[in-house]
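A.B. asks: My questions concern the predicted model and sequence given below.
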Amino acid sequence: MLVDTLYDRELILKSDAQTQEEVFKEIGAFLLKKDLVNEQFTDAIIEREKNYPTGLDLAPVAEQLPNVAIPHTETEYCKSKAVVFVKLNNQITFHNMINPDETLRVKYLFFIINNEKTNQTDVLSNIMAFITNKENMRTLEQLDTAESIYKFLIGRDE
């Protein structure tokens, strides 16, 4: 499954949240209203992030790239398949996926919503390939509207 088919114009969001819990509650409520997740989703994603951090330090890819997190939870909390992209107006602290004792300031979130037991690793590897391309991340830094971000994520230029 191609990740670009999992992006939806309505799921390209910006957030003024100041903390991880705030952004998880905000996005969880939004996804619940859209009937993409169930009522346990927000608590499940908060809990999973505590136990299995999803922050990624992009400094090894290139200097001055913004860090990313890829929050996700088990399939039973999801009602569909999608990738929700969130640009944070304020960087939020996440723990590093590779080194959980280390904290990172994160600017972009790629929430994986997946109700099928298979394909999660495919989606994750596609996102990883995208974010570890320094040109992709530098371009993303230049885009500000949901429409321009959406078109870029699905591989269509303006």
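C.D. replies: Structure received. Only a predicted model underlies this, so the values are computations on that prediction, with no experimental measurement involved.
A.B. asks: I'd like the next helix or strand past the lengthiest strand in the chain.
C.D. replies: In the chain, with assignment by DSSP state E, the single longest strand is strand 82-95. Remark: after strand 82-95, the chain's next helix or strand is strand 103-113, criterion DSSP states H and E.
A.B. asks: contact partners of that next one?
C.D. replies: If you take CB atoms under 8 Å, 6 or more residues apart in numbering as the criterion, strand 103-113 is touched by 23, 27, 31, 36-37, 45, 55-57, 66-72, 78, 80-88, 91-96, 120, 123-124, 127, 131, 140. Yep, even glycine has a C-beta here, placed from its N, CA and C like the rest.
A.B. asks: any idea how far residue 140 lies from residue 24?
C.D. replies: Separation of residue 140 from residue 24 (CB to CB, to the nearest Å): 21 Å.
A.B. asks: mind checking how far the residue sitting nearest the centre point of the chain is from residue 149?
C.D. replies: Of all residues in the chain, the one closest to the mean position by CA atoms, centre = their mean is residue 110, 1.2 Å from it. Per CB to CB, residue 110 is found 12 Å from residue 149.
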